[in-house]
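Engineer: Need a 3D model of the sequence below.
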Amino acid sequence: MLLPCTHDPAAAAQVAPAIEMLQQLDKRHPDVLRMHGLVPEDYHPKLVFRSAIESIRGSYIASAMTKRQGLVQQALEVAKGTGAIADFQPTSSRQRFDFEVSLTGSPREMAAIEVKGGEGNSINISQRPLWASEFALWCHLDGAIVNEPSYGVSSIIFNRVASEMVKRGKHVDMVFFRDALCNTAVRPCPKCQRTRSAELGAAPDVFLMPQRLPTENDPKPPFHTMDTVLLPTRILKAYGVAPDEFEDHLWQVSIGLTRDARRRLVREISVYHKGQLVESRRSAR
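Structural biologist: Next up, the predicted model:
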């Protein structure tokens with residue numbers, strides 16, 4: 001499993017019964033609906049239930065997107081305030097990425113950050129600017145307990161980011177992954193209890209991607225390290241992570257291309273943590 005975080009099984013077990021209860025409310029508890037001025041006979045046939053769910057979901061998604069960008073901006077503000085980065089600018093209103101970051105002043109090293117949800121949907125909408133020496137995807141889980149955090153990471157790393165790099169030629173240098181529930185009373189962090197900033201909360205996990213796009217001529221480029229990219233160190237320091245704890249938050253992703261027995265091009269992805277292979281997959285290019 002990519003991340004050791006797990007939900008409280010007692011709480012997770014209540015999700016399916018809660019869904020069933022809400023779906024069957026008109027049949028099992030029509031009196032509850034009537035108490036609130038609702039007509040049980042209209043609950044499903046006239047789309048009252050479905051419309052209410054979609055409205056709540058739409059409001060939640062809109063607020064979650066704003067909150068995610070706000071959390072990243074807060075981290076960048078702390079990094080700038082401590083001198084970890086030179087400057088940054090929000091850019092989502094005019095660019096296909098969310099933040100422009102000046103990592104150093106002179107010589108000027110620039111990074112771009114695109115902020116997404118916990119499963120990295122619509123990664124293909126983002127764009128790596130030509131001036132960026134580093135391009136980061138920052139993904140947030142917003143607190144749902146339907147899927148474990150590792151599920152979201154697997155979807156992002158093995159499917160979406162790998163596809164963007166191999167099929168579409170978009171180079172992603174790193175993926176920051178942060179779970180809003182990490183190291184809270186709801187789910188204490190099993191790997192790094194100490195690294196929690198009073199201002200920012202628990203630090204994200206950082207997945208370091210290959211240094212170059214894999215191609216048939218360069219089928220297995222080396223993955224990044226803390227010496228080949230600057231942004232991860234600056235972000236982890238902003239969260240109060242000591243250098244000797246960096247490895248707790250670091251994961252290395254290898255993406256390679258090879259041909260199978262039928263000469264078809266195959267994508268091989270392996271994820272390492274502290275030098276140990278955690279998970280690997282093979283799939284068609």
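Engineer: for the stretch 1-150 of the chain, which spans come out with low pLDDT?
Structural biologist: Scanning the stretch 1-150 of the chain for pLDDT under 70 picks out the ranges 1, 4, 60-66, 118-122, 142-144.
Engineer: residue ranges for the strands of it, please.
Structural biologist: 87-90, 99-104, 109-116, 134-141 (DSSP state E, counting those that start in this stretch).
Engineer: do you know which of those strands lies nearest residue 210?
Structural biologist: Each of those has some distance to residue 210 by CB to CB; the shortest is strand 134-141, at 12.4 Å. (Each C-beta comes from the backbone N, C-alpha and C, glycine too.)
Engineer: Tell me which residue is most central in the protein.
Structural biologist: Central residue of the chain (CA atoms, centre = their mean): residue 139, 2.3 Å from the mean position.
Engineer: Which residues does stretch 123-134 contact?
Structural biologist: Stretch 123-134 is contacted by residues 95-97, 100, 103, 109-112, 114, 116, 135, 137, 156, 160-161, 164, 168, 170-174, 229-231 when judged by CB atoms under 8 Å, 6 or more residues apart in numbering.
Engineer: Need the winner for burial among the strands of the stretch 1-150 of the chain.
Structural biologist: strand 134-141 (a mean of 24; mean count of other CB atoms under 10 Å).
Engineer: For that strand, C-alpha coordinates in PDB please.
Structural biologist: Output in PDB follows, covering the C-alpha atoms of strand 134-141 (Å, rounded to 0.1, in the frame of the first residue of the first chain):
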ATOM      1  CA  GLU A 134       9.800  22.400 -12.000                       C
ATOM      2  CA  PHE A 135       6.200  21.500 -12.400                       C
ATOM      3  CA  ALA A 136       4.200  20.200  -9.500                       C
ATOM      4  CA  LEU A 137       0.800  18.700  -9.100                       C
ATOM      5  CA  TRP A 138      -0.700  19.300  -5.600                       C
ATOM      6  CA  CYS A 139      -3.600  17.000  -4.700                       C
ATOM      7  CA  HIS A 140      -5.900  17.200  -1.700                       C
ATOM      8  CA  LEU A 141      -8.200  14.700  -0.100                       C
END
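Engineer: and residue 254, what helix or strand is that in?
Structural biologist: Per DSSP states H and E: residue 254 is located in strand 250-259.
Engineer: ok so, going back, touching, the residue nearest to the centre of the chain and residue 156? I think so.
Structural biologist: Yes: counting by CB atoms under 8 Å, residue 156 is a contact partner of residue 139 at 5.8 Å.
Engineer: Now residue 172. Its backbone dihedrals?
Structural biologist: Main-chain torsions, residue 172, degrees, to the nearest 10: phi -110, psi 120.
Engineer: measure it to residue 100 for me?
Structural biologist: Distance, residue 172 to residue 100, by CB to CB, to the nearest Å: 16 Å.
Engineer: re the thing from before, indicate which one of the strands of the stretch 1-150 of the chain is closest to residue 38.
Structural biologist: Proximity to residue 38 (CB to CB) singles out strand 134-141 among those, at 32.7 Å.
Engineer: how far does the closest one sit from the chain's center?
Structural biologist: Between the centre of strand 134-141 and the centre of its chain there are 6 Å (CA atoms, centre = their mean, to the nearest Å).
Engineer: Equivalent analysis for stretch 244-259, please.
Structural biologist: With CA atoms, centre = their mean, you get 15 Å for stretch 244-259.
Engineer: Repeat that for stretch 107-115.
Structural biologist: With CA atoms, centre = their mean, you get 18 Å for stretch 107-115.
Engineer: Now for residue 73: which residues touch it?
Structural biologist: Residues near residue 73 by CB under 8 Å, 6+ apart: 88, 90, 99.
Engineer: if you set the cut-off to 7 Å instead, what comes out?
Structural biologist: Residue 73 sits next to residue 90 when contact means CB atoms under 7 Å, 6 or more residues apart in numbering.
Engineer: Return the set of buried residues in the helix ranked longest in the chain.
Structural biologist: What stands out as the longest helix in the chain, according to DSSP state H, is helix 48-81. Across helix 48-81, burial judged by 16 or more other CB atoms under 10 Å covers 48-49, 64-65, 68-69, 71-73, 75-76, 78-80.
Engineer: can you state the direction angle for it and strand 134-141?
Structural biologist: Helix 48-81 runs at 140 degrees relative to strand 134-141, counting by axes from the mean of the first three to the mean of the last three CA atoms, to 10 degrees.
Engineer: that older thread, show me what the strand holding residue 254 pairs with in its sheet, parallel or antiparallel.
Structural biologist: Paired with strand 250-259 in the same sheet, following DSSP bridges, are strand 205-208 (parallel), strand 265-273 (antiparallel).
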